[in-house]
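*Asks:* Take a look and give me a structure for this.
(2 chains)
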Amino acid sequence: MPLYSKVMLRVRFAPSPTGFLHVGSARTFIFNWLYARHNGGTMVLRLDDTDVERNTDASVNSIFGGLRWLNLGWDEEYKQSERLALHRQIADAIFQKDLAYRDFTPAHTGDTEKSGANQTWLFNPGMRELSRAESDRRAAAGESFALRFRVPRGRNEQVRFTDAVYGEQVKLADDIEDFALLRSDGMPTYHLASCADDIDLRISHIIRGQDHLSNTYKHALIFEGAAAKIPQFAHLPLLVAPDGSKLSKRRHGPVVSVTTYRDAGFLPEAFINFLCLLGWSPKDNREKMTRHELIEAFSLEGINRANAVVNFKEPAATPDETFDPKALWLNAEHIRALPVSELSAQLLPVVRATGFQVTSEKMDAITPLIRERIKLLRDVLTAADFFFVEKLPPYDPAELIPQKGDAAMALKVLKRAKEVLAQTEFSHDPLDHALRAAAQEMGLKAGQMFQPIRVAVCGRKNAPPLFETLQVLGRDTTLARIDQAIEKLN
RNA sequence: GGCGCUAUCGUCUAGGGGUUAGGACGGAAGAUUCUCAAUCUUCAAACCCGGGUUCGAUUCCCGGUAGCGCUACCA
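*Replies:* Okay, here's the model as predicted:
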């Protein structure tokens, strides 16, 4: 491919700020970004904010917050509302060519008359045929109107475009309604604004959700009407809920919001990885991929056509069920791929935000003990809690009793452990030797010796390896907790 | 209703006229370990239905069914 054509490759992500950043939108952004980076193109971020009624600042913040978290960046940024003159100019050009007409019918609320052959609304009666003179007169008189595209009728004309994912698309113009370009308040509609900006910003590839596939015929008409080159389209299969329905905040709650993933402790790298695997495949069985590998592997040919299910549990019984198990697994993979120092630095703010005082040195020591035991960053709070608290939360003393043992054995073990630990160096090998020797002395299996100690210091049976844990905890805390355990048994 | 898109294990997917239909997550069993993880091994699990075309269709074509999308002066 010649260099210049790569330089000219321009894609855009054009969210409308009417809600929080949706995971589906995030994926669209990512695919655009990947395509741009793979081809050395330009990534444009454009806020499609022509719906003044529904725009909110909170939404703008959510979108930018989410995108910044993704940490992918973009090259150019625009706001549609600042480009209204351009939209009207293009609308006017289309109108001057008589490819659009003024519709003075008042904006309706309920059902409309069906003017089409198949009881489908195609246009409002009488407006298409209005003479230019009459139309001008009524407009001059101050009558408000919407500007509608004059879709070719009754000539069996076909509108066509090629989609990089869905192939050749053809539709009869007679099945397309006379869609609005300008509203009666003079604001451009989405279709007009979007196409006008795509033309002006010289967008070469439009990669967006499949929900726009049917709209693309209208867009093709606009591009053609504006004498512009039609960009390459690539529609993405939609992300849907386990029951096949569209992901919606109202029905599915926070699962659909990018911030939910961020707040739970997904690594952006893993989140991106997960989203890429929904509706796209590198076709070589790779699953865990870095962003660089994704850039390298990404192509429009790898996108498939069927909607992808985000496999969360509808009523989540556990917090983890809010997420697709594969997302969790990928996050765990990416966590384990992080150097300890980096993971530790990521974990630190999570721990501190909960109110625990931890030094970064201590966190560095804890991190290797838990990094194979957490799927989400927030799991540090449950996996390593006993390192942070002064006093262990209450636990059942029965937990202290080892396999095939009784309370008496637990007591015996703990008392002996106290003696041993009082005079053993607190590092792995000495602890290992001393404790195993003590077990043997008492005629116990290593596990029978270790479990009461583990429960005494961790407050539960499932925890990181014992010697490393003791080392991080230190002698004072260890002995104090063993004392507390002995009290519990008495 | 009209128009369009889609259909491989529970989920994400690979594949493709002749294959033991491959991988991953999740599930089950086992190995390993001081528990839990991690790791390793093994197992169960799929071509929506019906017609064609063909020597042979899961793959190509048609129909059905189902799901989804669009059908606004929302985007």
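
*Asks:* For the rest of this, base every contact and every neighbour count on C-alpha atoms.
*Replies:* Noted.

*Asks:* Any buried residues in stretch A:353-367, and which?
*Replies:* Along stretch A:353-367, these residues count as buried under the neighbour rule (16 or more other CA atoms under 10 Å): A:F356, A:M363, A:D364, A:A365, A:I366, A:T367.

*Asks:* Can you give the domain ranges for chain A?
*Replies:* What automatic domain parsing lists as the domains of chain A is A:3-80+A:190-240, A:90-182, A:340-389, A:397-489.

*Asks:* Show me the least confident stretch of the ones you listed, going by mean pLDDT.
*Replies:* Set side by side, the domains of chain A show their lowest mean pLDDT on domain A:90-182, which sits at a mean of 90.

*Asks:* okay, how far is it across it, tip to tip?
*Replies:* The distance separating the two terminal residues of domain A:90-182, taken as CA to CA, to the nearest Å, comes to 11 Å.

*Asks:* ok, A:N490 - contacts?
*Replies:* Contacts for A:N490 (CA atoms under 8 Å, 6 or more residues apart in numbering) come out as none.

*Asks:* Which SSE is immediately downstream of the helix or strand where A:F274 lies?
*Replies:* When elements are defined using DSSP states H and E, A:F274 is found to belong to helix A:268-276. From helix A:268-276 onward toward the C-terminus, using DSSP H and E, the following helix or strand is helix A:291-297.

*Asks:* I figured A:R27 was touching A:L275, is that so?
*Replies:* Yes. A:R27 is within contact range of A:L275, at 5.8 Å (criterion: CA atoms under 8 Å).

*Asks:* ok, back up a step: which one of the buried residues of stretch A:353-367 sits closest to A:D396?
*Replies:* A:F356 (24.2 Å; CA to CA).

*Asks:* Could you check how far the closest one is from RNA strand B?
*Replies:* In this structure, A:F356 and RNA strand B are separated by 22 Å, where distance is defined by CA to the nearest atom of the strand, to the nearest Å.

*Asks:* three-state assignment of that residue?
*Replies:* What DSSP: H, G, I helix; E, B strand; the rest coil gives for A:F356 is coil.

*Asks:* burial measure for the nearest residue to A:R371 once chain neighbours are set aside, as a count.
*Replies:* If you skip the residues right next to it in sequence, A:R371 has A:R336 as its closest partner in space, 6.1 Å away by CA to CA, 6 or more residues apart in numbering. The number of residues packed around A:R336, counting by other CA atoms under 10 Å, is 18.

*Asks:* For the helix or strand harbouring A:R336, name the packing helices and strands.
*Replies:* With elements delineated by DSSP H and E, A:R336 resides in helix A:325-337, which encompasses its position. Contact partners of helix A:325-337 among helices and strands, from 3 or more CA pairs under 8 Å, 6 or more residues apart in numbering; DSSP states H and E: helix A:268-276.

*Asks:* Determine how far the helix it packs on lies from the middle of the whole chain.
*Replies:* The chain centroid and the centroid of helix A:268-276 are separated by 8 Å, computed with CA atoms, centre = their mean, to the nearest Å.

*Asks:* buried set for it?
*Replies:* The neighbour-count criterion (16+ other CA under 10 Å) identifies A:P268, A:E269, A:A270, A:F271, A:I272, A:N273, A:F274, A:L275, A:C276 as the buried residues of helix A:268-276.

*Asks:* Is any residue of it near RNA strand B?
*Replies:* No. No part of helix A:268-276 sits close enough to RNA strand B to count as contact by CA under 7 Å from any atom of the strand; the gap is at least 7.8 Å.

*Asks:* what does stretch A:152-171 give?
*Replies:* Yes. Where contact is defined by CA under 7 Å from any atom of the strand, part of stretch A:152-171 touches RNA strand B, namely A:Y166, A:Q169, A:V170, A:K171.

*Asks:* on that earlier part again, relative to A:F387, how far out is the residue nearest to A:R371?
*Replies:* Here the criterion is CA to CA. By it, A:R336 lies 20 Å from A:F387.

*Asks:* A:D320 now?
*Replies:* 23 Å.

*Asks:* go on, A:V309?
*Replies:* In this structure, A:V309 and A:F387 are 39 Å apart, going by CA to CA.

*Asks:* okay, these two: which has more neighbours?
*Replies:* When A:V309 and A:F387 are compared on other CA under 10 Å, the one with more neighbours turns out to be A:F387, at 22 against 19.

*Asks:* need the contact list for the more buried one.
*Replies:* A:F387 sits in contact with A:I366, A:V472, A:L473, where contact means CA under 8 Å, 6+ apart.

*Asks:* and the stretch 151-300 of chain A, which residues reach RNA strand B?
*Replies:* A:166, A:169-171, A:175, A:177, A:179-180, A:182-185, A:188-191, A:210-215, A:238, A:242, A:244-246, A:277-287.

*Asks:* Wait, A:L435 touches A:E419, no?
*Replies:* No. In terms of CA under 8 Å, A:L435 does not count as a neighbour of A:E419; the distance is 10.5 Å.

*Asks:* more neighbours, the two?
*Replies:* Neighbours per residue, other CA under 10 Å: of A:L435 and A:E419, the larger number sits with A:L435, 21 against 12.

*Asks:* Backbone dihedrals for the residue nearest the centre of chain A, please?
*Replies:* The structure's chain A has its C-alpha centroid closest to A:V23; by CA atoms, centre = their mean the separation is 3.7 Å. Main-chain torsions, A:V23, degrees, to the nearest 10: phi -60, psi -30.

*Asks:* any idea how far A:A241 is from it?
*Replies:* Summarising the geometry, the distance separating A:V23 from A:A241, computed by CA to CA, is 12 Å.

*Asks:* what about the residue lying farthest from the centre of chain A, distance to A:P452?
*Replies:* The centre of chain A is farthest from one residue, A:E441, which by CA atoms, centre = their mean lies 56.1 Å away. In this structure, A:E441 lies at 16 Å from A:P452, with CA to CA as the measure.

*Asks:* repeat for A:E82
*Replies:* Computed as CA to CA, the A:E82 to A:P452 distance reads 68 Å.

*Asks:* Neighbour count for those two, which is higher?
*Replies:* Applying other CA under 10 Å to A:E82 and A:P452 shows that A:P452 carries more neighbours, namely 32 against 11.

*Asks:* Hmm, A:R416 and that one touching each other?
*Replies:* No. With contacts defined as CA under 8 Å, A:P452 does not count as touching A:R416, sitting 11.2 Å away.

*Asks:* Can you verify my assumption that A:L376 contacts A:E333?
*Replies:* No. Contact criterion CA under 8 Å: A:L376 and A:E333 do not qualify, at 10.3 Å.
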